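Asks: Provided below are the primary sequence and the corresponding predicted coordinates.
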Amino acid sequence: MFRLLTTAAAVALFPAVAVADGSGGDSSPAYTFLDISSSSRIFGLGGVNVSAVDAGVAAVDQNPAFLGPEYDKVLSVGYMRYMSSSDFASAVFGNGVGERSAWGVALKYFGYGSMERTDIDGVASGTFSPLDISLGATYSRDITERLRGGATLRWVYSSYDSYTAMAVGVDLGINYYDPDRDLSLSAVVTNLGGQVKRFNERYDRLPVDVRLGWTQSFPGLPVRFSVTAWNLTKWSLPYYEHGDGTADARPELKDSFGSNLMRHLVLAADLVPDSRFHIGIGYNYKTRTDMATYSRNLLSGFSIGGGLNIGGFGVDAAFAMPHRSAATLMLNFSAEIGRFL
């Protein structure tokens with residue numbers, strides 16, 4: 001039951017991490033909210049990107065190797081309001097250590113609003129407010145001039161009415177960046193670990209994943225293109241297409257090679273004319289197919305974001321509409337505190 005609660009909460013907040021609709025496509029671990037980025041810029045690039053090295057300190061949850069001494073005393077705070085009174089808030093701080101290392105801390109809060117408490121017979125007995133919290137510590141170091149590695153240790157706490165659970169997870173990441181070609185290549189393993197306190201007698205797994213990323217611009221074109229491969233621990237990710245919602249429509253299982261391939265990929269383009277301004281767009285086919293009902297709209301799977309950074313202060317915003325009744329807007333504010341100390 002509690003695995004379903006944690007999964008349902010994540011689905012309500014961000015369908016890109018939704019469990020396939022009974023098809024067996026996803027492995028259905030708990031704690032899938034961990035896959036939701038704190039970064040508006042990443043949100044605008046499709047929700048998953050492990051190779052966008054200039055995405056800001058808030059993007060460290062995508063790849064711990066993003067953190068570096070260039071983020072010296074940088075603070076980012078974020079907020080997203082979603083349907084059904086769900087709230088997401090985050091705070092990320094990065095600090096350089098010498099010329100080759102850095103450390104950071106990050107806090108995420110997920111509140112899913114007030115829910116009615118009922119017993120097995122459906123009799124109501126008040127309300128409760130489920131929530132998830134994660135607290136992470138990251139360390140990174142430059143291995144060579146172009147290669148950087150990092151690790152994040154994360155503590156996770158979930159509370160659903162009178163039941164609580166805790167887990168510990170680790171992210172490991174590495175990034176290769178060639179500034180001469182503006183080429184970035186990354187590999188990340190997320191959520192290694194497990195529960196240290198269970199809701200009940202059942203053990204719930206963390207959403208372990210392997211991710212690969214490529215980001216590059218080309219001469220004369222101020223656009224960085226990205227391809228991110230995720231959910232690489234399992235090839236088959238089938239889903240059901242539900243048709244047009246009419247009485248005669250029947251769910252149709254989709255499990256072709258092309259469908260499975262696309263559900264592993266997130267495509268993005270980021271226009272960066274200079275270091276002060278950017279605008280990006282992303283397409284996440286898994287988000288679109290996870291929302292494959294007659295209520296899906298033409299924007300499902302697409303996201304867009306943009307931001308400004310002037311005088312050590314930055315603001316980023318991203319918008320997505322995975323469902324016709326589920327528009328989402330994420331905001332980030334950042335400050336290079338070290339400039340003023």
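Replies: Looks like it arrived, so ask away.
Asks: where in the chain is pLDDT low?
Replies: For the chain, the stretches flagged by pLDDT under 70 are 1-29, 83-84, 243-249, 292-297, 324-325.
Asks: is it true that residue 315 touches residue 330?
Replies: No. With contacts defined as CB atoms under 8 Å, residue 315 does not count as touching residue 330, sitting 11.7 Å away. Quick note: C-beta positions are derived from backbone N, CA and C, even for glycine.
Asks: who has more neighbours, these two?
Replies: Set side by side, residue 315 and residue 330 give different neighbour counts by other CB atoms under 10 Å, the larger being at residue 330 (29 against 14).
Asks: give me the number of residues near the closest residue to the more buried one other than its chain neighbours?
Replies: Nearest residue to residue 330, sequence neighbours excluded (CB to CB, 6 or more residues apart in numbering): residue 80, at 4.1 Å. Neighbourhood size, residue 80 [other CB under 10 Å]: 22.
Asks: contacting residues around the helix or strand where residue 262 lies?
Replies: The secondary structure element spanning residue 262 is helix 257-263 (assigned by DSSP states H and E). Under the contact criterion CB atoms under 8 Å, 6 or more residues apart in numbering, helix 257-263 has outside partners 25, 231, 235-239, 285-286, 289.
Asks: same list (these) but as a markdown table, adding distance to residue 141 and secondary structure.
Replies: Converted to a markdown table, the contacts of helix 257-263 look like this (distance: CB to CB, whole Å; DSSP: H, G, I helix; E, B strand; the rest coil):
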| residue | distance to residue 141 | secondary structure |
| --- | --- | --- |
| 25 | 37 | coil |
| 231 | 28 | coil |
| 235 | 33 | coil |
| 236 | 37 | coil |
| 237 | 34 | coil |
| 238 | 41 | coil |
| 239 | 40 | strand |
| 285 | 35 | helix |
| 286 | 33 | helix |
| 289 | 39 | helix |
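Asks: do a quick rundown of the strands in the stretch 151-300 of the chain.
Replies: Counting by DSSP state E, counting those that start in this stretch, the stretch 151-300 of the chain forms strands over residues 163-178, 183-197, 209-218, 221-229, 239-241, 252-254, 265-274, 277-284, given from the N-terminal end onward.
Asks: how about TSV for the ones you listed, with distance to residue 117 and mean neighbour count added?
Replies: Converted to TSV, the strands of the stretch 151-300 of the chain look like this (distance: least, CB to CB, whole Å; neighbours: other CB atoms under 10 Å):
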stretch	distance to residue 117	mean neighbour count
strand 163-178	12	19
strand 183-197	22	19
strand 209-218	33	19
strand 221-229	39	17
strand 239-241	31	20
strand 252-254	35	15
strand 265-274	37	18
strand 277-284	34	21
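Asks: can you put those in a markdown table and add distance to residue 125?
Replies: Written out in a markdown table, the entries for the strands of the stretch 151-300 of the chain read as follows (distance: least, CB to CB, whole Å):
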| stretch | distance to residue 125 |
| --- | --- |
| strand 163-178 | 15 |
| strand 183-197 | 25 |
| strand 209-218 | 38 |
| strand 221-229 | 44 |
| strand 239-241 | 34 |
| strand 252-254 | 39 |
| strand 265-274 | 42 |
| strand 277-284 | 39 |
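Asks: residue 126: which of those strands is closest?
Replies: Within the strands of the stretch 151-300 of the chain, the stretch nearest residue 126 is strand 163-178; the backing value is 15.1 Å (CB to CB).
Asks: coming back round to it: distance check, the residue nearest to residue 330 against residue 219.
Replies: Computed with CB to CB, to the nearest Å, the distance linking residue 80 and residue 219 is 36 Å.
Asks: cool, residue 30 as well?
Replies: According to CB to CB, residue 30 stands 46 Å off from residue 219.
Asks: between those two, which is the more surrounded one?
Replies: Summary of the neighbour comparison: residue 30 and residue 219, criterion other CB under 10 Å, with residue 30 having more neighbours (28 against 6).
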